[in-house]
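Participant: no sequence for this one, just the structure:
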DNA sequence: TCCGTCATGTAAATGGTTACATGATTCG
DNA sequence: CGAATCATGTAACCATTTACATGACGGA
């Protein structure tokens, strides 16, 4: 049984918004953190079991039989604050698109154009998804304490996506001048 | 023994530039691909051994006793092209800074300001490193086939870093208006 | 001679995904 | 009833880092 503080942090943090089942937890992470985080069932369920054993989350009765609503206990909240204070660790980068482009002379300019065009399309799709998220978040009551923070992470995605689009346009122009 | 096509791709691609020892391979990846790729010794050496067994790389005598210069064989180059053509897979995102910021109301505005300021400083450092890389790459002979591709990946880093700085400045302003 | 760097490798632990097995509930 | 979705969990596999062990070579 792995004891990933990364997963613990995400799970405890999500439960700090509201009690959830493991299933809903994964949906919530995909929906709200999808741009910069991910967890799979294979991580979430063992983590919940462990956090339950440690008394950091409490499992109440869910609406369906067999399902359990997990909520933060006081010591769970304390642990959450503790984990939040740890310096963020960034996973080592692995960008397959840029790796291929760096060795683009092996692949040829045409294939590289496709690579960059795909990346551009992904960034455009991301920007559209973020526009929806922004509208929904701006519709939240202004006194919701999470609201300004949610908007900041949305803005991070927007900046990143716009930069990706600008880079792709510039790069597609450069690639157009290359043979192959 | 893992058979990571990701690592194979990076190793074969790097050897396509010039023959190297495993040690030099890791240095080259850190220096030239550091912004978007990483490999550790624990990946590189087993990968080289396997690629040697498969006849994709040949091990010649290195300058020192016991060291071996690895170079691409013809079938190694074929395999490289094959791997390059596969669609790039992006590793699931895990941005610890944005995760903490999303749940910033748990942490408080002051700690969040620190988080964002650190991210800004990192982006500035990245931009400086990229300026050096750009100067060095622009000094390469213009008929070097890799040159335009190297400049494109450098530009990707520059766009991304500038976007991170702009976002950080905007976000630090927002955070300044928040209590705590 | 001793230290730093070059160099190769292995073992253990960790982190994570994927696929699978199982069953309840809801809705058409 | 049958299909889709909600829900929990496990097992196998894959990927990756870290720490360690070992030793050659060059220069102060």
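Facilitator: The structure has been received and is ready for your questions. A quick note: this is a predicted structure, and the numbers were derived from the prediction, not measured. Numbers count the residues shown, from 1 in each chain, chains lettered A, B, ... in the order given.
Participant: got the domain ranges for chain A?
Facilitator: Residue ranges for the domains of chain A, per automatic domain parsing: A:5-85, A:96-176.
Participant: and DNA strand C, which of those domains is closest to it?
Facilitator: domain A:5-85 (2.4 Å; Cβ to the nearest atom of the strand). C-betas here are computed from N, CA, C, even on glycine.
Participant: and the strands in chain A?
Facilitator: Per DSSP state E, chain A carries strands over the ranges A:57-61, A:68-72.
Participant: mind listing what residue A:179 touches?
Facilitator: Counting by Cβ atoms under 8 Å, 6 or more residues apart in numbering or on different chains, residue A:179 makes contact with residue A:109.
Participant: so, low pLDDT: which residues of chain A?
Facilitator: A:1-2 (pLDDT under 70).
Participant: show me which residues of it are close to DNA strand C?
Facilitator: By the rule Cβ under 7 Å from any atom of the strand, the part of chain A lying against DNA strand C is A:2-7, A:38-43, A:63-66, A:91.
Participant: are any of those residues buried, and which?
Facilitator: In terms of neighbour count (16 or more other Cβ atoms under 10 Å in any protein chain shown), the buried residues within the residues of chain A next to DNA strand C are A:6-7, A:38-39, A:43.
Participant: stretch A:103-115: which residues count as buried?
Facilitator: Neighbour-count burial for stretch A:103-115 [16+ other Cβ under 10 Å]: A:103-107, A:109, A:111-113, A:115.
Participant: repeat for stretch A:49-56
Facilitator: Quick answer for stretch A:49-56 (16+ other Cβ under 10 Å): A:50-52, A:56.
Participant: what about the residues you listed, which are in helices?
Facilitator: Among those, the residues falling in helices (DSSP state H) are A:50-52.
Participant: show me what contacts residue A:122?
Facilitator: residue A:164.
Participant: repeat the analysis, applying 7 Å as the threshold.
Facilitator: Residues near residue A:122 by Cβ atoms under 7 Å, 6 or more residues apart in numbering or on different chains: none.
Participant: distance of it relative to residue B:166?
Facilitator: Using Cβ to Cβ, to the nearest Å, residue A:122 is found at 21 Å from residue B:166.
Participant: could you do residue A:56 as well?
Facilitator: Taken as Cβ to Cβ, the span from residue A:56 to residue B:166 is 38 Å.
Participant: now do residue A:143
Facilitator: Relative to residue B:166, and taking Cβ to Cβ, residue A:143 is found at 28 Å.
Participant: now do residue A:162 against chain B, distance only.
Facilitator: Look at residue A:162 and chain B: by Cβ to the nearest Cβ, to the nearest Å, they are 7 Å apart.
Participant: likewise for residue A:67?
Facilitator: For residue A:67 relative to chain B (Cβ to the nearest Cβ), the value is 25 Å.
Participant: swap in residue A:31?
Facilitator: Noted for residue A:31: a distance of 12 Å to chain B, by Cβ to the nearest Cβ.
Participant: again, but for residue A:145
Facilitator: Relative to chain B, and taking Cβ to the nearest Cβ, residue A:145 is found at 4 Å.
Participant: ok, so of the buried ones among the residues of chain A next to DNA strand C, who is nearest residue A:19?
Facilitator: Each of these was scored against residue A:19 by Cβ to Cβ, and residue A:39 proved nearest at 17.2 Å.
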